[in-house]
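Asks: Give the three-dimensional model of this entry:
(one chain, ligands or ions: 1)
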Amino acid sequence: MKLQISGMNCDGCVQAVKEALLEIDGVDVVVVDLESGTADIQMSSADISIDQLVISAKLAGYGATLAGD
Ligand SMILES: [Cu+2]
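Replies: Got it, this is the predicted structure:
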């Protein structure tokens, strides 16, 4: 799943988004790209909703929407 993240402007933001998403149970790998503002998320659980991912990003201070591939 790929999210478009808004509000990131440095490597600290990248790290913050990454950590926030990795805190969700079942999220295994998060690759955040600062330039494109995207987060690539690999999950081992099918129970994770987009809302959960978006809310986690928002709590960390960033906007998130589902990105088309
Ligand atoms: Cu930053």
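Asks: Go ahead and confirm I5 touches S36.
Replies: No. Counting by CB atoms under 8 Å, I5 stays clear of S36, with 9.4 Å between them. For the C-beta atoms, the positions are set from N, CA and C on the backbone; glycine is no exception.
Asks: Would you mind telling me which of the two has more residues around it?
Replies: Counted by other CB atoms under 10 Å, I5 and S36 do not tie: I5 has more neighbours, with 25 against 12.
Asks: Could you say which helix or strand holds the more buried one?
Replies: strand 2-6 (DSSP states H and E).
Asks: what residues does that strand touch?
Replies: For strand 2-6, the surrounding residues in contact (CB atoms under 8 Å, 6 or more residues apart in numbering) are 17, 32, 37-41, 53-54, 57, 62-69.
Asks: Please repeat the previous calculation with a cut-off of 7 Å.
Replies: The contact list for strand 2-6 (CB atoms under 7 Å, 6 or more residues apart in numbering) reads 17, 37-41, 53, 57, 62-67, 69.
Asks: close to the ion, is the following helix or strand past it?
Replies: Once strand 2-6 ends, the next helix or strand along the chain (criterion: DSSP H and E) is helix 11-22. Yes. Using CB under 5 Å from the ion, we find that helix 11-22 touches the ion at G12, C13.
Asks: packing partners for the helix or strand just after helix 11-22?
Replies: Once helix 11-22 ends, the next helix or strand along the chain (criterion: DSSP H and E) is strand 27-33. For strand 27-33, the packing partners by 3 or more CB pairs under 7 Å, 6 or more residues apart in numbering; DSSP states H and E come out as helix 11-22, strand 38-43.
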